[in-house]
Structures are given as C-alpha cells and as structure tokens.
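Enquirer: Pasting the sequence and the predicted model now:
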Amino acid sequence: MAKELGCRMGEIEQMIRYAYWNSGCTGIVVGISGGVDSAVAAAFCCRAIGPDKVLGLSLPTPVSNPQDLRDAADLCAALGMEHRVIPIDPMLAAFKTIPAFVESPYLLGNLMARIRMTVLYYFANRDHRLVCGTSNRSECLLGYCTKYGDNAADIQPIVHLYKTDVYEVAREMKIPEPILKKTPSAGLWAGQSDEDEIGLSYAEIDNALRNLETNGWKAGTPAEEKVLARAEKNAHKRLAAPSLLAVP
C-alpha cells in the first residue's frame, strides 16, 4: 500500500511539473484555507517545483476562524513557501453597494468563493503564475463547490482523490496534526461544517460514490440515493457550458 501511494504521489508531482514547464510560468499561487485539501495541494506544488516558486494566499473574511489563519501560516512555514494574508472584506463590501443587493448565507458564500478566485488570478496574472486548485473528487462529483469560484484553476492536483484519500496522502506527507484533526469546513459562515451541510460524513459520501461508480450509478441504499441526487443536480458544474462551437 505504501509503495502504491508513493507511486500515485509521484504521478501527481510529475503532472504539476509538466503543466508548469509547458506553461512558461514562473511559479504557482494557491489559496491556503487552513484545511487539509489546500494543505495537500500546496505540499504537492512545493515538492514538484520547489517551495521558493509557490505563493500561498489566505483570504479571510470576518466569519473566518482565526485558528485557520494560524494553521495556514504554520503550514506554509513548514513547507518553506511564501504566505500572505489578504482580507477580502473591502471587496465584499463593494459588492454590497450593488442596487437591490440581497444578502443570504448562500449568496454571500458563493460571492466570497468567486472573489477569492479573482484575487488568486490577479496574482497569477501579475506574477506570471499558475493557479493551483484544491478540489477533491468527492466535492467535484457532488458539485459541492462554487462554479467559477473554488472549482476554477489551471491545475487540479487532487481532484482525482476522494476526501478520505486526501487524508491518507496528508498523513503520508506529515501535514500538521491541527489541520488533520479539524472539522472540514468551507468557512463561508460561522460554525459551517461540510458534513452537516451535506447531511453525510465524508466516509459515508466516499463509500456511496465508490459503490455508485462500481454499479453504473445505480443507487442501492438511502445514502447512495442522496449522493446520486446531489451529483445529478450539480452535474452542470462538471461540464463545459453548452454551445454550438465546433472544436477541431
């Protein structure tokens, strides 16, 4: 198992190097939330091209957990990569001046995700870097992400890994324990939890997804039915926008 995991990790690093070399860019920028997904993605980038070429940005709001910022800083220090903190409150406040602006956790959460990705791409454009995504397979298949927000990226090193696989890789990489032990959260509002919002634990989600993929996406349990319904509802997030453009 350890040898297989090592091979898989080596393939990810090679993919990052190949994309980086082909792009002609000078580095990679990645959003560091203080969670396990961004930690693993950043660690892969550092291993692939060197930590001196990787920039980590933490983009908090007033509802962000201060511990997440401390964990993000500790991670970047341990990896040897640069870390900057840029609060996005002023940008969020500017959007709130839009006429007839409606405020709800759902709308604000999606807006935060898109603002954060805009900031990442600003630094990517300014410094000629690639944007590294932090989506995992579980979130991707469920559509548990913001379209053109956290699912946007130039490279996606862990999008083929289920959330439970990400933890396995994180332990192999010696990601700090505080990150491994914290409750998964998108940090979009105070006390938000991924598993509470979805209604299933990641272990249940991943088990359901594996069974669905094995059985031709035919649900056999209530958990699989719930996961399948969500995956079908959010399928548009995984697909290119419909068009009549013919690509040669």
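Expert: Structure received. Numbering: from 1, shown residues only.
Enquirer: what residues are up against residue 156?
Expert: 132, 133, 135 (C-beta atoms under 8 Å, 6 or more residues apart in numbering). Every residue, glycine included, has its C-beta placed from N, CA and C.
Enquirer: what about the first one, neighbour count?
Expert: Translated: residue 132. Residue 132: 29 surrounding residues under other C-beta atoms under 10 Å.
Enquirer: Assign residue 97 to helix, strand or coil.
Expert: Following DSSP: H, G, I helix; E, B strand; the rest coil, the label given to residue 97 is coil.
Enquirer: re the thing from before, with respect to residue 227, which of the contacts of residue 156 is nearest?
Expert: Residue 227 lies nearest to residue 135 out of the contacts of residue 156, by C-beta to C-beta, at 16.7 Å.
Enquirer: Quickly note the distance from the closest one to residue 162.
Expert: 12 Å (C-beta to C-beta, to the nearest Å).
Enquirer: what does residue 191 give?
Expert: For residue 191 relative to residue 162 (C-beta to C-beta), the value is 25 Å.
Enquirer: Ok, residue 28 next?
Expert: 24 Å.
Enquirer: quick one: which of these two has more around it?
Expert: residue 28 (30 against 22).
Enquirer: From what I see, residue 202 and residue 163 are in contact.
Expert: Yes: using C-beta atoms under 8 Å, residue 202 is in contact with residue 163, at 4.3 Å.
Enquirer: quick one: pLDDT of the closest residue to residue 109 other than its chain neighbours?
Expert: Nearest non-adjacent residue to residue 109, counting by C-beta to C-beta, 6 or more residues apart in numbering: residue 188, 3.5 Å away. Note for residue 188: predicted pLDDT of 72.
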